[in-house]
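**Q** need coordinates for the following:
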Amino acid sequence: MYGITQDELCDLIMQNKESMYRLAYSIVKNDADAQDAVGETIVTAFEKRKQIRKSASAKAWVMQILVNKCRRMLAKSYRVVLSDEMEKYDACAAFEQDEMWPVVMELEQEFREIVVLYYYEQFSVREISRMLDVPAGTVKSRLARARGKLAKLIQE
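**A** Numbering: from 1, shown residues only. Alright, predicted model coming up:
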């Protein structure tokens, strides 16, 4: 039998709400859309919780749903263009940021996603490969290119 219980999913979401928001924010780059993506992900996860095969991979499964929601938002031009005034409020994101976060946010989306999943969320290359539906070699090369880009951005 597949699936996880509502309680298990609830616990998983509560334990990872900051990680979910951080990943969503790194993709959509604004607070409102990040919150919408997380909310939609939670609803989808509850609706499809019987599809999960192992509870050990439930976090990766939820994060994959989140990445897909964020990408759909971007593809549909769902984002609201922020004025300079509104960007001040976005700087007060709901998660703890380190000194590298602003530099990471300068990366292109394909690199930013992988950096956040690998360094901030501690997923393996293999898990990221499954989440983003790209080969592991692609994840490794994007990670290496992202490191190079980050090094250049830090030196500037």
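
**Q** centre-most residue in the protein?
**A** Geometric centre of the chain, nearest residue: residue 23, 2.4 Å, by C-alpha atoms, centre = their mean.

**Q** okay but that residue is in contact with residue 65, surely?
**A** No. Residue 23 is not in contact with residue 65 according to C-beta atoms under 8 Å; the separation is 11.0 Å. For glycine as for every other residue, the C-beta is placed from the backbone atoms N, C-alpha and C.

**Q** quick check: closest non-adjacent residue to residue 57.
**A** residue 127 (8.0 Å; C-beta to C-beta, 6 or more residues apart in numbering).

**Q** report the secondary structure state of that neighbour.
**A** Secondary structure assignment for residue 127 (DSSP: H, G, I helix; E, B strand; the rest coil): helix.

**Q** residue contacts, it?
**A** By C-beta atoms under 8 Å, 6 or more residues apart in numbering, the contact set of residue 127 is 57, 60, 117.

**Q** let's see 10 Å
**A** Residue 127 is in contact with 57, 59-60, 63-64, 117-118, 121, 136, 139, counting by C-beta atoms under 10 Å, 6 or more residues apart in numbering.

**Q** kindly report the same for residue 44.
**A** 62, 65-66, 68-69.

**Q** any buried residues in the strand or helix carrying the residue nearest to the centre of the chain, and which?
**A** Assigned by DSSP states H and E, residue 23 belongs to helix 6-28. Going by neighbour count (16 or more other C-beta atoms under 10 Å), the buried part of helix 6-28 is 9, 12-13, 16, 19-28.
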